[in-house]
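Peer 1: Quick one, fold the following:
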Amino acid sequence: MFSTKDLVRVAMMTSLIIILGFIPAIPLSFIPVPIVLQNLGIMLAAVLLGGKKGSLAVFLFLVVGLFLPVFSATKTTIPVLMGPTAGYVLAYPLVPLVFSLLYRKWLSQHTMMTFLAIFISGVLVVDVLGAIWLATYTGMPLGKSLLSNVVFITGDTIKAIIATVIAVSYKDSFLNTKS
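Peer 2: Take a look at the predicted model:
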């Protein structure tokens, strides 16, 4: 199972994700999905904790959200999962797992490959699954829903770059993709 040190890291990462939720979201006028910073915390969980522990940190964030308003706009998990953002939130626990698989498969020793693994897992997976749910929830055509997610790409790319810099800086001391 996990050591005490691992569990402390998981708890700290869960706390960071929650803290990022206190930064106000930027609402968009054309879709009911705001720009948030919590997905940066999800990417950091992936690069700093690896697959299993990173997903555990994200899952704990969702569980804490059942009881406390930890999402942007001070929402709890249930209302978020009943609204247009559910697809994005349900994709969050997949980010560390997908990142870990890609990182391990590519045996990333190069910064660009690390960025690509973070971008695919933390941006593309989340945005595609979020767009599919958004189309289902709102009745919007899937193509239009996918196109509406283009607005997130720039900000999410910046978040992926930040996560990459942190991953490359700490890969020898903190990153554990074996889990």
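
Peer 1: gap between residue 26 and residue 33?
Peer 2: For residue 26, the distance to residue 33 (C-beta to C-beta, to the nearest Å) stands at 11 Å. Placement of C-beta: from N, CA and C, glycine included.

Peer 1: Comparing these two, which residue is more hemmed in?
Peer 2: residue 33 (25 against 11; other C-beta atoms under 10 Å).

Peer 1: Now the more buried one: which helix or strand?
Peer 2: Taking DSSP states H and E as the definition, one finds residue 33 inside no helix or strand.

Peer 1: burial measure for the closest residue to it other than its chain neighbours, as a count.
Peer 2: Closest residue to residue 33 apart from its sequence neighbours, by C-beta to C-beta, 6 or more residues apart in numbering: residue 85 at 5.4 Å. Residue neighbour count, defined by other C-beta under 10 Å, stands at 25 for residue 85.

Peer 1: tell me the contacts of residue 85?
Peer 2: 32, 33, 34, 130 (C-beta atoms under 8 Å, 6 or more residues apart in numbering).

Peer 1: again, but for residue 106
Peer 2: Residue 106 touches 113, 116, 117, counting by C-beta under 8 Å, 6+ apart.

Peer 1: just the strands in the chain please.
Peer 2: For the chain, strands defined by DSSP state E do not occur.

Peer 1: Longest helix in it, please.
Peer 2: Ranked by number of residues, the top helix in the chain under DSSP state H is helix 150-170.

Peer 1: List the buried residues in that helix.
Peer 2: 152, 155, 156, 159, 160, 163, 164, 166, 167, 168 (16 or more other C-beta atoms under 10 Å).

Peer 1: thinking again about what came up before, out of the contacts of residue 85, the closest to residue 13 would be?
Peer 2: residue 130 (21.4 Å; C-beta to C-beta).

Peer 1: Return, as residue ranges, the portions of the protein with sub-threshold pLDDT.
Peer 2: 73, 107-109, 171-179 (pLDDT under 70).

Peer 1: Roughly how far does the closest residue to residue 126 other than its chain neighbours sit from residue 131?
Peer 2: Of all residues not flanking residue 126 in the chain, residue 91 sits nearest, at 4.4 Å (C-beta to C-beta, 6+ apart). Distance from residue 91 to residue 131, counting by C-beta to C-beta: 10 Å.

Peer 1: And residue 31, by the same measure?
Peer 2: Residue 31 is 9 Å from residue 131, by C-beta to C-beta.

Peer 1: any residues in contact with both of those two?
Peer 2: 145, 148.

Peer 1: So which of these two has more stuff around it?
Peer 2: residue 131 (24 against 20).

Peer 1: That one and residue 17: what is the separation?
Peer 2: Following C-beta to C-beta, the distance that separates residue 131 from residue 17 is 22 Å.

Peer 1: try residue 36
Peer 2: Taken as C-beta to C-beta, the span from residue 36 to residue 17 is 11 Å.
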